[in-house]
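Participant: Okay, here's the prediction I keep looking at, along with the sequence it came from:
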Amino acid sequence: MLPTREEILRSVTFKTSRSGGKGGQNVNKVSSKVELIFDLETAVSFNEDEKTLLRSRLENRLDAEGLLHIISQEDRSQLLNKEKTIVKLIDLLKRSLTVQKKRKPTKIPKAVIEKRLKNKASTAEKKKNRKIIDL
């Protein structure tokens with residue numbers, strides 16, 4: 001079960017810095033780049049099973065200490081970038097916690113098999129009739 005936004009924000013820290021790119025004077029003055037750091041181990045809203053599932057699914061995104069970093073520097077506003085990182089984190093956690101249903105293999109119906117074989121036979125007959133008969 002996914003915890004609420006407030007519960008997630010308790011186990012999150014934010015770092016701000018100056019972002020690169022367009023923005024002119026604003027980029028040089030304002031720290032609008034936001035880095036969200038989520039510590040999976042100290043998150044009290046997840047049980048051990050959920051933590052192991054998240055660890056396995058997010059292993060490529062976790063650093064050596066087991067921290068998840070999400071960065072946003074798209075907007076000129078620090079607040080908007082902060083909101084975007086939170087939304088990205090919640091979406092990532094939601095996608096990582098969903099368990100896909102196991103696919104049940106289905107049997108191919110007899111009618112479908114017969115139709116395919118009949119089609120093959122008619123195509124073979126058509127091609128056979130195209131050949132030049134040598135007397």
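Facilitator: On my side now, so go ahead.

Participant: okay, CA-based contacts and neighbour counts for the rest of this
Facilitator: OK.

Participant: who touches Val30 in this structure?
Facilitator: Arg18 (Cα atoms under 8 Å, 6 or more residues apart in numbering).

Participant: got it, and the one 4 residues further on?
Facilitator: Taking Cα under 8 Å, 6+ apart as the criterion, Val34 is in contact with 14-17, 71-73, 78, 81-82, 85.

Participant: ok, for it, nearest residue in space, not its chain neighbours?
Facilitator: Among residues not flanking Val34 along the chain, Thr16 sits closest, at 4.6 Å (Cα to Cα, 6 or more residues apart in numbering).

Participant: now do Gln78
Facilitator: Ser32 (4.2 Å).

Participant: hang on, the residue nearest to Val34 packs against Ser31?
Facilitator: Yes - here Thr16 reaches Ser31: they are 5.9 Å apart, a contact under Cα atoms under 8 Å.

Participant: Now for these two: what residues contact both?
Facilitator: By Cα under 8 Å, 6+ apart, no residue touches both Thr16 and Ser31.
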